[in-house]
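Undergrad: make a model of this:
(chains A and B)
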Amino acid sequence: MAENKDTTAEEKTKVEQEQLPEGVVLRDHVYDGIQEYDQRLPNWWLFTLYIMIVFFVGYWVAYYQFGWIKSDVERLNDAMAVVKAAQKKELDKVVANLDDDSLWKMSQDPAVVSAGEKTFQTICFACHGKDLSATMGGAKLPGEPLDDAIWKYGEGKPMGVFDTVMKGSPDKTKGMVAFEGQLGAKGVVEVVAYILNHHEAKSDGSAQPKGK
Amino acid sequence: MTDGMSKQQAGLKQTIEFDDKSVRWFMGASIVWALVAMLVGVIIAFQLNFWQVNGKFLEWITFGAFKTEGLQYITFGRLRPLHTNAAIFAFVGNMMFAGIYYSTQRLCKCRTASDLLSRIHFWGWQLIIVSAAVTLPIGLTRGKEYAELIWPINIAVAVIWLVFGFNFLWTLKKRNEPSLYVALWFYIATIITVTVLYVVNHLQIPTSLTHAYPIFSGVQDALVQWWYGHNAVAFFLTTPMLGIMYYFLPKAADRPVYSYRLSIIHFWSLVFIYIWAGPHHLLNTALPKWLQMLAMFFSLMLWAPSWGGMLNGLLTLRGAWDKLRTDPVIKFFVAAVTFYGMCTFEGPLLAIRSVNALSHYTDWTIGHVHSGTLGWNGFLAAGMFYWLAPRLWKTKLWSESLANMHFWVGLIGILLYVGSMWVAGIMQGLLLNQTDETGTRLIYEFAETVDKINLLLFARAVGGTLFLVGFILLAVNILMTALSGQSVNGKVEVYVEEEKKQDRMTWTQVFRNDPIGYTFWIIVFMLLWFFLPPFANWIALAIMLILSWMAVRAFKKSTKTWSEWHETLLENYMPFTVLVFIAMFIGGAIQIIPTVTVNRAKNIEDRLQVPYTPLELAGRDIYVSEGCYNCHSQMIRTLVPEVMRYGDYSRMGESIYDFPFQWGSKRTGPDLAREAGKRGDDWHFTHMMNPRSLNSQSRMPNYIWLAHKDTDIKALPSKIAVQRRLGVPYEAMTKNVILDKAKKQAQEIASRLIDAQVSIPEKPGVKITSSEEAKEYLQSKQIVALIAYLQKVGTYEEVAPKEEGEHKPSTILPGLPDTYRPAHTEEKKVTEGKAEKAAAE
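TA: As a prediction, the model looks like this:
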């Protein structure tokens, strides 16, 4: 009978006290046929617990109470200062010899233009279109067209385009985000060179579409 | 062996029939919901690989009869809460109830106290699950993880849970076995802790029948949520499972439990320590430092107590390992306990702040939680079901080989799942942190890093599918077993004594003794060490250490008295329950009360969030309702790569008016804390309609319905009224003022969008011919409100440092112990004055 199985199991205990090895205790009490040894706690287990408690007290005191180790914000600020300094150095290096003329020159340098093309076709195309027309399949994309003579910011001067890509449009909710952080000054120069490659210089140095 | 005999001498012989019907029902429900939960899990896993699974695929399988770019009811953001809730509360919940009802009756040698309450419990719980399965896909949610259900369902959950708890404790009261077995300790801990957690995390003020705002916001809400979320894992997915393990594993192995004293030590340390570890879900965020510290250390201290459970499980099998070859039940139990050990090793590891810096917000966490729910709970459930079915239907298991096959399919599935998530998580974490050789620029865009783990995500989905297949085999096997047998209820013969020799301890005996005395004072001085200002805290630490040393000596000297006290306690269910409550309550109370009782805004030190306009608030509620938080965080951590990627790190005050907080816990998309003002409205519009038009690697669903569904601005007056009550400084506005403001802002955004030539997706019956019509159409739509919110999220104003002598509403600051710790130098200027003043007061 299935219903009697548990009862018989309880009466017939499977492990007897007498058969146990030295030092192992089997408890008297049986719960629904379940017996319990009372083994010593493994030492490695106890030490895991103790070490963690000691580590807690020690680390709390060293890190938090004495402040021997730098706090998150201190560490962050220090690291960001290094990053900022390096970014500024790169920017200074790039900008030092940069003007409209040098950008025009770079727009004819295949190495620079192809680097710019790669960036443009992975990032910028999303808003400005693969062909710079700011349309995709006839639908208008969020960006400004870059293949016409109209320049919303920077008067179409190469340095103006450079500044716009670096810093974004004056009101970001109505225009482009800043790309300085993502592309770096060098990356921005390459993208500008790629865009200018689709244009030619007017007499005042500003850009107009080729052949117009 | 003596237990049965001693009773033969006294008392009246009675045959008691157990209520095993409830066990059968809960078991059946658990299996059905397991299939649902896992199926939804597989669907959302594939959604992360293929965005089309968010609805577009319906077009293909109906051969174009059903046209859709995406179906709102089955997006990842809405289905993921359904998956988690179903897995936790429906699958594991029902399984837990089956195990508890079966074992408690036998361990107490009496039938469950009330059949009526058992029935109410069963049907009430299933009704809750059904209502969850309806409300979550239609977008009714509270926006807090594993606590998404709306307030009327919350009340039902609380009531049904209390019915269960009452029925359980009543059964204990009526028990014919004086001493409580270790399984029952874990059940007690489950019942009382889940009650406290659930109630506190669901405190809220309704704004309508289906919507409410939690009473906590920002950092406070984050703290309460993860205290709940973490301990839902601890006390819903762990302690009841340990109880079930302690009953079913020695039964199946037919071996004595390895160590009784290990049970005692690991039970009490688990109950006391677990609850403190919650804030480890918020490491490196704007959460006050002291809470992060406590969370990390208590998580590490949890290592041993958790492994105590695993040891007691695995070592119980000594002498029964041969069964591993033949008995599928033992196979499942061994795998389950092993996964428990692995999972609780991984947990503390992930709670180390530097490890967490890499792992958090990645798939590593997802892998970790699934090795718990699938490996530990899922396999334990399977083992228990296979063991129970022949006994509940008085027959043999229909097919042992099918059960073995389930084991191997499931094991391969879960290993594939966990393995691929480890690699995916670590890989994405590293990719996100990678900079070029100058260290000034991050190499990968966010979407690129997701694209690079595509194959691993796919492997995960396959692993999950295998696990589901295993459970289908289980369902078939159990069903066939049930059909081949007939329902029987277990019986036991007991000698019921007229006057029971149990539950006689006085409260003085409970509380006035060495074990409790030492524990109490050690905890008191530990808390003083945390909270007192310098020098006093050193004294507290010293006293705490001396007391600990004295306690160890006292224990060594009078081990027998201490053990006897605990043995007596086990024969007194109420005192035991009260002590469990206290042990569990301390951690939560210490962490939460100082942080939630302060007057929020007045204590903010550097930045204060600018409240939302009515339209932005409506937009925020859409963001919450669509479940955007399932993929996007709003919390930039104090880590260099995060600051380089997203901007300045998030401050506590920047989300202080966010009901609920939306810091998130997993990033499948980038962080949005500094999204405001970063891009154009038209960019957002185009992106929401078709994310891939702007980023080919995106896997976000197309949210086309946002362009056609109206914003519920009529609900705004009551929402704003509730927010005012909760302390958001809205000026007094009449209903009309609120509506006018919302409409005006919506008009502005709609015209900007139309002027930028965005294209409104087509919808049958909607004809727009002119731009004026388009503006008119668009301004009332959800997309406009959502854009308003996205352009506002995290906007703050600088707060001037408080002057000396200026009125301060409370000396209890959110970051209380932080204020006089040197490691907190960032706000030194501000806090120096404060600490002095606090000391003076």
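Undergrad: show me which residues of the stretch 651-800 of chain B are close to chain A?
TA: Within the stretch 651-800 of chain B, the positions near chain A by Cβ under 8 Å from any Cβ of the partner chain are B:677-683, B:686, B:693-695, B:752, B:756-759, B:791. To be clear about C-beta, it is placed using only N, CA and C from the backbone, and glycine gets the same treatment.
Undergrad: just the ones of these in helices?
TA: B:681-683, B:686, B:752 (DSSP state H).
Undergrad: the longest helix along chain B near chain A at all?
TA: Secondary structure of chain B read by DSSP H shows that its longest helix is helix B:400-433. No - residues of helix B:400-433 are not located near chain A by Cβ under 8 Å from any Cβ, the shortest gap being 12.0 Å.
Undergrad: just send the ones in helices among the residues of the stretch 651-800 of chain B next to chain A back as a markdown table, with distance to residue B:259, neighbour count and pLDDT too.
TA: Below are these laid out as a markdown table (distance: Cβ to Cβ, whole Å; neighbours: other Cβ atoms under 10 Å in any protein chain shown; pLDDT from 0 to 100):
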| residue | distance to residue B:259 | neighbour count | pLDDT |
| --- | --- | --- | --- |
| B:681 | 65 | 24 | 91 |
| B:682 | 67 | 24 | 90 |
| B:683 | 63 | 24 | 91 |
| B:686 | 64 | 24 | 92 |
| B:752 | 70 | 19 | 92 |
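Undergrad: domains of chain B?
TA: Using automatic domain parsing, the domain ranges for chain B come out as B:2-490, B:508-603, B:607-798, B:801-841.
Undergrad: would you map the helices across chain A?
TA: For chain A, the helices defined by DSSP H occupy A:2-11, A:43-59, A:72-96, A:100-106, A:110-119, A:125-128, A:158-167, A:180-196.
Undergrad: want to throw those helices into CSV with mean neighbour count, mean pLDDT and distance to residue A:150?
TA: Output for the helices of chain A, formatted as CSV (neighbours: other Cβ atoms under 10 Å in any protein chain shown; pLDDT from 0 to 100; distance: least, Cβ to Cβ, whole Å):
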stretch, mean neighbour count, mean pLDDT, distance to residue A:150
helix A:2-11, 15, 44, 88
helix A:43-59, 14, 92, 61
helix A:72-96, 14, 88, 26
helix A:100-106, 17, 87, 18
helix A:110-119, 17, 91, 21
helix A:125-128, 21, 86, 13
helix A:158-167, 21, 89, 13
helix A:180-196, 22, 88, 14
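Undergrad: now distance to residue B:66 too, for those helices, in TSV please.
TA: TSV is the format used below for the helices of chain A (distance: least, Cβ to Cβ, whole Å):
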stretch	distance to residue B:66
helix A:2-11	52
helix A:43-59	57
helix A:72-96	51
helix A:100-106	53
helix A:110-119	40
helix A:125-128	30
helix A:158-167	44
helix A:180-196	40
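Undergrad: tally of neighbours for residue B:266?
TA: One way to gauge burial is a neighbour count; for residue B:266, by other Cβ atoms under 10 Å in any protein chain shown, it gives 25.
Undergrad: surely it is in contact with residue B:312?
TA: Yes - using Cβ atoms under 8 Å, residue B:266 is in contact with residue B:312, at 7.1 Å.
Undergrad: what's the angle from the strand or helix carrying residue B:457 to helix B:400-433?
TA: Using DSSP states H and E, residue B:457 maps to helix B:454-484. Counting by axes from the mean of the first three to the mean of the last three Cα atoms, to 10 degrees, helix B:454-484 lies at 160 degrees to helix B:400-433.
Undergrad: tell me the confidence at the closest residue to residue A:104 other than its chain neighbours?
TA: Nearest non-adjacent residue to residue A:104, counting by Cβ to Cβ, 6 or more residues apart in numbering or on different chains: residue A:201, 5.5 Å away. In this model, residue A:201 is scored at 79, pLDDT.
Undergrad: center of chain A, which residue is that?
TA: residue A:182 (10.8 Å; Cα atoms, centre = their mean).
Undergrad: show me what contacts it?
TA: For residue A:182, the contact set (Cβ atoms under 8 Å, 6 or more residues apart in numbering or on different chains) comprises A:123, B:441-442, B:445.
Undergrad: with residue B:343 instead?
TA: B:368, B:371-372, B:375-376.
Undergrad: what's the separation between it and residue B:99?
TA: 19 Å (Cβ to Cβ, to the nearest Å).
Undergrad: count of neighbours near the nearest residue to residue B:624 once chain neighbours are set aside?
TA: Spatially, and ignoring its direct neighbours in sequence, residue B:624 is nearest to residue B:143 (3.7 Å; Cβ to Cβ, 6+ apart). By the measure other Cβ under 10 Å, the count of residues near residue B:143 is 25.
Undergrad: ditto for the one 10 residues further on
TA: When neighbours are counted by other Cβ under 10 Å, residue B:153 registers 22.
Undergrad: then residue B:649?
TA: 24.
Undergrad: where does it land in three-state SS?
TA: Three-state call for residue B:649 (DSSP: H, G, I helix; E, B strand; the rest coil): coil.
Undergrad: with just CA atoms, put the one helix or strand residue B:183 maps to into CSV.
TA: Residue B:183 is part of helix B:182-201 when elements are defined by DSSP H and E. The C-alpha trace of helix B:182-201 is given here as CSV (Å, rounded to 0.1, in the frame of the first residue of the first chain):
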residue,chain,number,x,y,z
VAL,B,182,14.9,22.3,8.9
ALA,B,183,12.7,22.4,5.8
LEU,B,184,10.0,24.2,7.9
TRP,B,185,12.5,26.8,9.1
PHE,B,186,13.1,27.8,5.5
TYR,B,187,9.4,27.9,4.7
ILE,B,188,8.8,30.2,7.7
ALA,B,189,11.6,32.5,6.5
THR,B,190,10.0,32.6,3.1
ILE,B,191,6.5,33.4,4.2
ILE,B,192,7.3,36.3,6.5
THR,B,193,10.1,37.8,4.5
VAL,B,194,8.2,37.8,1.2
THR,B,195,5.3,39.5,3.0
VAL,B,196,7.5,42.4,4.2
LEU,B,197,9.3,42.8,0.9
TYR,B,198,6.2,42.7,-1.2
VAL,B,199,4.3,45.2,0.9
VAL,B,200,7.1,47.8,1.2
ASN,B,201,8.0,47.7,-2.5
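Undergrad: noted, bye for now.
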